[in-house]
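> sequence? don't have it. structure:
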């Protein structure tokens with residue numbers, strides 16, 4: 001039996017990216033800054049592809065690696081009224097990091113049963 005092998009990387013990417021939609025599960029996207037700056041408002045973009053109904057999302061920033069402190073937390077709802085696209089603004093206070101040492105943070109965003117954990121760095125600038 002012959003095996004189908006895509007001949008171009010674009011076709012392979014298209015096939016892999018559409019797999020969850022074929023299975024009926026929505027796909028989720030989160031866009032975070034690479035660096036979170038102390039005392040600055042930073043925007044996080046959330047999107048549900050193929051979502052239905054209301055999808056509540058909480059974006060939480062924790063210390064790294066222990067995840068013992070919540071440094072920022074914001075809620076939003078993805079629904080048909082906002083096109084399953086929303087932004088939240090997060091802000092990490094300067095009181096959290098003294099003396100200053102550059103360090104990564106956890107950014108949590110649970111979408112239904114999926115939790116996404118990008119790890120941007122914290123900066124004083």
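Right, received. Where do you want to start? Since we're looking at a predicted model, the values are computed, not measured.
> SS state for residue 75?
Reduced to three states with DSSP: H, G, I helix; E, B strand; the rest coil, the structure at residue 75 is strand.
> show me what contacts it?
56, 57, 58, 59, 88 (CB atoms under 8 Å, 6 or more residues apart in numbering). C-betas here are computed from N, CA, C, even on glycine.
> pass me the low-pLDDT residue ranges in the chain, would you?
By pLDDT under 70, the low-scoring segments of the chain are 1-25, 96-125.
> which residues of it fall in strands?
Taking DSSP state E as the criterion, the chain carries its strands at 27-31, 35-37, 41-49, 55-63, 70-78, 85-91, 103-111, 114-116, 121-123.
> give me the helices and strands touching the first one, please.
Using 3 or more CB pairs under 8 Å, 6 or more residues apart in numbering; DSSP states H and E, the elements in contact with strand 27-31 are helix 9-23, strand 41-49, strand 103-111, strand 114-116.
> could you rerun that using 10 Å?
In this structure, strand 27-31 packs against helix 9-23, strand 41-49, strand 55-63, strand 103-111, strand 114-116, with contacts taken as 3 or more CB pairs under 10 Å, 6 or more residues apart in numbering; DSSP states H and E.
> that strand: which residues count as buried?
For strand 27-31, the neighbour count (16 or more other CB atoms under 10 Å) marks 27, 28, 30 as buried.
> how big is the angle separating it from strand 70-78?
Interaxial angle, strand 27-31 versus strand 70-78 (axes from the mean of the first three to the mean of the last three CA atoms, to 10 degrees): 130 degrees.
> direction included, what does strand 27-31 pair up with?
strand 41-49 (antiparallel) (DSSP bridges).
> next one: the second one
As defined by DSSP bridges, the strand partners of strand 35-37 come to strand 121-123 (parallel).
> identify the bridge partners of residue 76.
Residues in a beta bridge with residue 76, per DSSP bridges, are residue 57.
> quick one: contacts for it?
With CB atoms under 10 Å, 6 or more residues apart in numbering as the criterion, the residues that contact residue 76 are 44, 46, 55, 56, 57, 58, 59, 82, 86, 87, 88, 109.
> give me the number of residues near the third one?
The number of residues packed around residue 55, counting by other CB atoms under 10 Å, is 18.
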